[in-house]
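> missing the sequence, but the structure's below:
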């Protein structure tokens, strides 16, 4: 008996941040690639579009549909670990949290990852989720093979040797090329990372950015607007021993300060914006230096319980500090009151068609605002700065760019759209967001 479930047009879908809603005609929860293919074929018979949604952590409407909404909750689990090839094949709906835990039990790990692990595997790779790294790139850059259901219900696999043109594009496919049903990642033997978190002035970070980047495998920092203060994080491989944060100090930093009190501070700041600069000065001094050593996912990721809206742009790495200084100057001369830190990370160039790091070493500048805070003026001003530096917007975060801009920003943009024309000529996987960013 099929495990596919259907529902009438009664359930409203909302993303994690609450800024995107959709009312699909029906939802389906296939438990296998064959059931995904059947769902896509039925949608075609009914003249409906198809989108897959994971945990809704994208801030854009990339997964919104009024057609068939596929939930991959049953497409989960480890299919295969190949220790000879050092790969793991996993169902597309598997949460990254579960993947990381299973790999650690098997003595394995991904080389790099983002800073949260709530997303599904397919959702994270399809929008270009990344962490920070001098030599290791995004989650999608670690993919070695994909299994994909295309618009006519065909199930195909692709890798660097088999259908390489699809593999080049579908690793960050925005859901425009098909429904991913399984992903094969490269893995490494489990290693340890030594983390060093340290306050540092804005002037020092920006002056020493190139050296900090070059000297560390993973470097990132957060600048607190309305202050000259940053918090830096350097992660490098270590021989050990394991020395995680103390239970009390870890709770104070990761839960009390970064979530509990930060939630309160943002609530107060939203209600009384004039208090934000003073709160920022206090917050930027609250986090103390600390060092610890642990397995990768426990170092790379952290809990994020405060809900927000976000925009992030990738600029050429050499443009990072200039762009950031322009953001600071813009905030200082404006009436804006910004309660969230600005986050800066890096990634090496990769060969993925629509990766924000495609063909160039990149730096990411991300701006956030607490949910419910008017964001348009701030995000628009930052976006003007980023586009002046040839910025590429993160596919899952808020931006206003369209296909004309993106065709200039991505040298291989036409390669992606031509493949889309071949695989989905009727736009079975289309929606309003894709029409804006990819064209008709």
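Received the coordinates, thanks. Remember, predicted model here, so these are calculated numbers, not experimental data. Numbering: from 1, shown residues only.
> go ahead and confirm residue 344 touches residue 321.
No: with contact defined as CB atoms under 8 Å, residue 344 does not reach residue 321; the gap is 9.0 Å. All C-beta spots, glycine's among them, are computed from the backbone N, C-alpha and C.
> all strands of the stretch 251-400 of the chain, in order?
Residue ranges of the strands in the stretch 251-400 of the chain, as given by DSSP state E, counting those that start in this stretch, are 290-294, 308-316, 342-347, 362-370, 392-393.
> correction: the previous question concerned the stretch 101-250 of the chain.
For the stretch 101-250 of the chain, the strands identified by DSSP E, counting those that start in this stretch occupy 108-109, 143-149, 155-159, 179-186, 188-189, 192-201, 218-223, 229-238, in order along the chain.
> export these to a markdown table and tack on mean neighbour count, distance to residue 245 and mean pLDDT?
Supplementary listing: those in a markdown table, determined by neighbours: other CB atoms under 10 Å; distance: least, CB to CB, whole Å; pLDDT from 0 to 100:
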| stretch | mean neighbour count | distance to residue 245 | mean pLDDT |
| --- | --- | --- | --- |
| strand 108-109 | 20 | 19 | 98 |
| strand 143-149 | 23 | 31 | 98 |
| strand 155-159 | 17 | 39 | 98 |
| strand 179-186 | 24 | 27 | 98 |
| strand 188-189 | 12 | 24 | 98 |
| strand 192-201 | 17 | 9 | 97 |
| strand 218-223 | 23 | 17 | 98 |
| strand 229-238 | 19 | 13 | 97 |
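> so can I have TSV of these showing distance to residue 282?
Converted to TSV, the strands of the stretch 101-250 of the chain look like this (distance: least, CB to CB, whole Å):
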stretch	distance to residue 282
strand 108-109	37
strand 143-149	42
strand 155-159	51
strand 179-186	41
strand 188-189	40
strand 192-201	13
strand 218-223	15
strand 229-238	10
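> which one, of those, ends up nearest to residue 432?
For the strands of the stretch 101-250 of the chain, the distance to residue 432 is smallest for strand 179-186, at 18.9 Å, taking CB to CB.
> where does the prediction get shaky in the stretch 251-400 of the chain?
Low-confidence segments of the stretch 251-400 of the chain (pLDDT under 70): 251-261.
> show me the contacts for the residue sitting nearest the centre point of the chain.
Centrality entry for the chain: nearest residue to the mean C-alpha point is residue 129, 2.8 Å, by CA atoms, centre = their mean. Contacts here follow CB atoms under 8 Å, 6 or more residues apart in numbering; on that basis residue 129 touches 114, 119, 138-140, 396.
> list the contacts of residue 203.
By CB under 8 Å, 6+ apart, the contact list for residue 203 reads residue 228.
> do the same with residue 66
Residue 66 makes contact with 22-25, 49, according to CB under 8 Å, 6+ apart.
> where along the stretch 1-150 of the chain do the helices fall?
Remark: helices of the stretch 1-150 of the chain, listed N- to C-terminal, are 33-45, 96-105, 121-126; assignment by DSSP state H, counting those that start in this stretch.
> format these as TSV; extra columns: mean neighbour count and mean pLDDT.
Written out in TSV, the entries for the helices of the stretch 1-150 of the chain read as follows (neighbours: other CB atoms under 10 Å; pLDDT from 0 to 100):
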stretch	mean neighbour count	mean pLDDT
helix 33-45	19	98
helix 96-105	18	97
helix 121-126	28	97
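> number of nearby residues for residue 135?
Other residues lying near residue 135 total 10 when counted by other CB atoms under 10 Å.
> name the nearest residue to it, ignoring sequence neighbours.
The shortest distance from residue 135 to any residue that is not its chain neighbour, by CB to CB, 6 or more residues apart in numbering, is 5.9 Å, and that residue is residue 348.
> check contacts around that neighbour.
Under the criterion of CB under 8 Å, 6+ apart, the contact list for residue 348 reads 133-137, 357, 361.
> ok, which of the strands of the stretch 251-400 of the chain comes nearest residue 328?
Set against residue 328 and scored by CB to CB, the strands of the stretch 251-400 of the chain come closest in strand 342-347, at 8.4 Å.
> which other residues reach the closest one?
Defining contact as CB under 8 Å, 6+ apart, one finds that strand 342-347 is touched by 130-134, 137-138, 141, 213, 219-223, 225, 312, 314, 317, 320, 324, 327, 356-357, 361-368.
> narrow those residues to just the buried residues.
Buried positions within these, assessed by neighbour count (16 or more other CB atoms under 10 Å), are 130-134, 137-138, 141, 213, 219-223, 225, 312, 314, 317, 320, 324, 327, 356-357, 362-368.
> near residue 68, how many other residues are there?
Neighbour count of residue 68, defined by other CB under 10 Å: 23.
> thought it was touching residue 45?
No: the pair residue 68 / residue 45 is not scored as a contact, 11.0 Å apart, by CB under 8 Å.
> and the protein, what are its domains?
For the chain, the domain assignment from automatic domain parsing gives the residue ranges 1-190+402-440, 192-294+306-400.
> now those domains as a markdown table including distance to residue 300?
Compiled in a markdown table, the domains of the chain are given as follows (distance: least, CB to CB, whole Å):
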| stretch | distance to residue 300 |
| --- | --- |
| domain 1-190+402-440 | 5 |
| domain 192-294+306-400 | 7 |
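> between the helices of the stretch 1-150 of the chain, which one is nearest to residue 88?
Taking the helices of the stretch 1-150 of the chain one by one with CB to CB, helix 96-105 is closest: 6.5 Å.
> between strand 179-186 and that closest one, find me the angle.
Computed with axes from the mean of the first three to the mean of the last three CA atoms, to 10 degrees, the direction of helix 96-105 lies at 30 degrees from that of strand 179-186.
> chain center to helix 96-105: distance?
Helix 96-105 has its average C-alpha position 18 Å from the chain's average C-alpha position, going by CA atoms, centre = their mean, to the nearest Å.
> please name the bridge partners of residue 145.
Partner residues in beta bridges with residue 145: residue 159, residue 184, with DSSP bridges as the criterion.
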